[in-house]
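Novice: got a predicted structure plus its sequence, pasted below:
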Amino acid sequence: MELNESMVRNVVQEVMARMQIDGASQGMHGVFGTMEEAIAASKKAQKVIRDMTLDQREKIISNIRKATRENAEIIARMGVDETGMGNVGDKILKHLLVADKVPGTEDITTEAVSGDRGLTLVEMGPFGVIGAITPATNPSETVLCNTMGMLAGGNSVVFNPHPNAVKTTIFTIDMVNKCSLEAGGPDNIACTVEVPTLDTSSVMMKSPDIQLLVATGGPGVVTAVLSSGKRAIGAGAGNPPALVDETADIAKAAQDIVNGCTFDNNLPCIAEKEIVCVDSVADELMHHMIAEQNCYLAPKEVQDKLSATVMDEKGRLNRKCVGRSAKKLLSMVGVDVPDNIRCIVFEGEKEHPLITTELMMPILGLVRVRDFEEGLKTAVWLEHGNRHSAHIHSKNVDHITRYARAIDTAIIVKNGPSYAALGFGGESICTFTIASRTGEGLTSAKTFTKKRRCVMQDYLCIR
Ligand code: NAD
């Protein structure tokens, strides 16, 4: 076999990654040299988990909640330092949210049917060893909520994390395993490899010991798991529009949209990525965003420079811009703004590259539309059929209902910031794996279980 330039580059990259990571993985629980070793260890741990009582599983989960709270700042800093994305303050909040609102074993319930011919129970059992692929945008958050939900369901998990977030992932995996050991559980409830690559991912996808795949990431990885021949849950990309109509509380809409959009520098897949606003209130909305929400109004030449900087001519994102602050992005195109500037805003056509692309940056383009009807069509077009998340600011229940039906997303937030959907200032659970493509929606323990029917003929009906 002849070596070509690309093969040499791959080998050099892998050696460099290994040199960087070796230090981080020394003595860490759940970290293995090969994917085969990680899967074997996970299989062993799952056999122990399988026989544990729900109470024992809950003790481990409770330890994970405590450790997440105690280490929230450390992990948040580690994630920002390693990936260069997001901000420490919001990442701390995300970890506290995970600690408080990711469900445990209480999420799993039993169905019962009884009658003349006895009793049938439908119980939710574990799949076994789950293979999970995690993103660079919420690396530790995803590892934590996946581990808690999967463990509650009786599974163990092997992670193939994003190569840019390995150290943060390894730290988090070590932490959850220590939580298990402290609670009398097994080591390796969550495992990973020292150097995750597409090859280790492929070993995981093909392994007969992996019963379920869960991918949290962009379209490439979701398509890969759905093509694997195994059962797969796909939590894919979004491009959530925020639609504002003439009945909305405009000052509040401006505040909610900018708060949601700038949370962790726009990294969450659910965050507002563009605004669609009816003409009669568009100027007012823009005024509130600039005057009250510390937004910078980008003129045409700055928009053009940003387009050329944050993506290439094929629309591929510049990773050095993803999850960066508005001030940092503006400094990259030679614009100096005060530290309090939170978001970059401008008005443009729906086809504008900064509007139609899922940027994951605090850049909000506003598309002006004649009326709600045009707004509805425009927002549906901008969501690109991802069926992920969409937001609306309106007091007209007919508009809200029609929008929700037409856009057909896993998440729709009405009159609030997008993060209300994660239980932050809104009701219900938190997760960072939102199964948009495959339809499970916000994943939790019950998502990671399978139905098992248990029948007792003729007895145990006492009606
Ligand atoms: P990414 O798609 O670049 O990477 C995600 C993960 O998939 C990484 O571990 C990566 O190594 C792996 N990967 C990518 N292509 C692969 C392939 N062909 N085969 C196997 N593995 C592959 O995404 P990212 O930059 O880390 O995260 C941002 C993207 O993820 C955005 O599109 C965002 O919307 C999406 N996301 C979705 C959710 C959700 O819950 N729906 C949550 C977080 C992020």
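Specialist: Perfect, I can see it now.
Novice: secondary structure class of the residue in the stretch 251-400 of the chain that the ligand sits nearest to, three-state.
Specialist: Ranked by C-beta to the nearest ligand atom, the top residue of the stretch 251-400 of the chain for proximity to the ligand is Cys269, at 3.3 Å. (Each C-beta comes from the backbone N, C-alpha and C, glycine too.) With DSSP: H, G, I helix; E, B strand; the rest coil as the basis, Cys269 sits in coil.
Novice: residues near the residue lying closest to it once chain neighbours are set aside, how many?
Specialist: The shortest distance from Cys269 to any non-neighbouring residue, by C-beta to C-beta, 6 or more residues apart in numbering, is to Gly238 (4.8 Å). Neighbourhood size, Gly238 [other C-beta atoms under 10 Å]: 26.
Novice: is it true that Gly238 touches Leu382?
Specialist: No. Using C-beta atoms under 8 Å, Gly238 is not in contact with Leu382; the gap is 10.6 Å.
Novice: can you pull out the strands in the stretch 101-250 of the chain?
Specialist: All strands of the stretch 101-250 of the chain, identified by DSSP state E, counting those that start in this stretch, fall at 111-115, 118-126, 129-133, 156-160, 190-193, 212-216, 232-235, 241-244.
Novice: just put these in JSON lines and tack on mean pLDDT and distance to Ala445.
Specialist: Formatted as JSON lines, these follow (pLDDT from 0 to 100; distance: least, C-beta to C-beta, whole Å):
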{"stretch": "strand 111-115", "mean pLDDT": "97", "distance to Ala445": "16"}
{"stretch": "strand 118-126", "mean pLDDT": "98", "distance to Ala445": "8"}
{"stretch": "strand 129-133", "mean pLDDT": "98", "distance to Ala445": "12"}
{"stretch": "strand 156-160", "mean pLDDT": "98", "distance to Ala445": "12"}
{"stretch": "strand 190-193", "mean pLDDT": "98", "distance to Ala445": "15"}
{"stretch": "strand 212-216", "mean pLDDT": "98", "distance to Ala445": "13"}
{"stretch": "strand 232-235", "mean pLDDT": "98", "distance to Ala445": "13"}
{"stretch": "strand 241-244", "mean pLDDT": "98", "distance to Ala445": "31"}
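Novice: can you say which of those is nearest to the ligand?
Specialist: Nearest of these (C-beta to the nearest ligand atom): strand 232-235, 3.4 Å.
Novice: quick one on the thing from earlier: and the residue of the stretch 251-400 of the chain closest to the ligand, what does it touch?
Specialist: Shown in contact with Cys269 (C-beta atoms under 8 Å, 6 or more residues apart in numbering): 137, 235, 237-238, 388-389, 434.
Novice: closest residue of the stretch 301-450 of the chain to the ligand?
Specialist: For the stretch 301-450 of the chain, C-beta to the nearest ligand atom, closest residue to the ligand: Ile434, 3.6 Å.
Novice: okay, that residue: pLDDT?
Specialist: Model confidence at Ile434, given as pLDDT, is 98.
Novice: what is the neighbour count of it?
Specialist: Neighbourhood size, Ile434 [other C-beta under 10 Å]: 24.
Novice: surely it and Ile411 touch.
Specialist: Yes. Counting by C-beta under 8 Å, Ile411 is a contact partner of Ile434 at 6.6 Å.
Novice: please enumerate the shared neighbours of those two.
Specialist: 270, 388-389, 441-442.
Novice: show me these that map onto strands.
Specialist: Using DSSP state E, the subset of the shared contacts of Ile434 and Ile411 located in strands is 389, 441-442.
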